[in-house]
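A.B. asks: heads up, no residue letters with this:
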Ligand code: BGC
């Protein structure tokens, strides 16, 4: 099927029509900068602009940077607090006039990697981490996604939350070199390794393209790989998850 997948982020809202059998983009990706304050109405209207851009009719899947449980937004670490408690499926469905399903952004990207990327056919415990404004996670055990894990919010031994210590936003705001940042991120990986003993860790988000620049700072035993679909995984996975809901 051809389904519209959208990735909602703090700086941009990106989407395109995805062929869910091959994982390929059917059209060129369209990106609209996220307006601030990013309230429900503002984001719903931007999602609708993407729908109109493709003149699309059909189910829509969106990745969203928060815990989304059965369509309800439960957390708001890097988004406007007014989102908490909102039924985002209903809000977007109303604005777009199309059945719209919203998932945690890291889960959507993890679902993309599971179907078409480096978790495809993987047996064992794979942990997918997206590194951006926050740190998102998707836990995939023997091909089964456990939705809404929040590993970016684990507290490290230094008393800080993982995403407040080693997100890409922290790297930029504290002007850390890739090596300095990589050493911090390695602390997060060590913590995750000691907690879950996963068989594979996959890194997604924009940082996945820069993997070669910090690969040497990673010292854990668990194999760590950059995502195969790079930062397209979120759009592809959102389309796949929507197809399964529809
Ligand atoms: C949010 C997660 C999200 C991640 C990446 C975190 O701050 O709590 O739900 O997946 O950022 O966007």
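C.D. replies: Looks like it arrived, so ask away. Fair warning: this is a prediction, and the values are worked out from it, not measured in the lab.
A.B. asks: which bits of this protein sit near the ligand?
C.D. replies: 65-67, 75, 77-78, 104-106, 130, 132, 134, 136, 150, 152, 163 (C-beta under 6 Å from any ligand atom). Using the backbone N, CA and C atoms, a C-beta is placed for each residue, glycine as well.
A.B. asks: could you list which of those belong to helices?
C.D. replies: Among the residues of the chain next to the ligand, DSSP state H puts 105-106, 163 in helices.
A.B. asks: isn't residue 135 right up against residue 160?
C.D. replies: No. With contact defined as C-beta atoms under 8 Å, residue 135 does not reach residue 160; the gap is 11.8 Å.
A.B. asks: who has more neighbours out of these two?
C.D. replies: Per other C-beta atoms under 10 Å, whichever of residue 135 and residue 160 has more neighbours is residue 135, with 28 against 14.
A.B. asks: is the more buried one in a bridge, and if so with what?
C.D. replies: In this entry, residue 135 is beta-bridged to residue 131, by DSSP bridges.
A.B. asks: for it, report the pLDDT, please.
C.D. replies: Model confidence at residue 135, given as pLDDT, is 97.
A.B. asks: give the contact list for it.
C.D. replies: Going by C-beta atoms under 8 Å, 6 or more residues apart in numbering, residue 135 touches 129, 151-152, 162-163, 166-167, 188.
A.B. asks: do the same with residue 244
C.D. replies: Counting by C-beta under 8 Å, 6+ apart, residue 244 has no contacts.
A.B. asks: which SS class is the closest residue to residue 245 other than its chain neighbours?
C.D. replies: Leaving aside its chain neighbours, residue 245 sits nearest to residue 101 (4.6 Å; criterion: C-beta to C-beta, 6 or more residues apart in numbering). Of the three states, residue 101 takes strand under DSSP: H, G, I helix; E, B strand; the rest coil.
A.B. asks: ditto for residue 56
C.D. replies: Residue 56 ends up coil, using three-state DSSP.
A.B. asks: tally of neighbours for it?
C.D. replies: For residue 56, the count of nearby residues is 19 (other C-beta under 10 Å).
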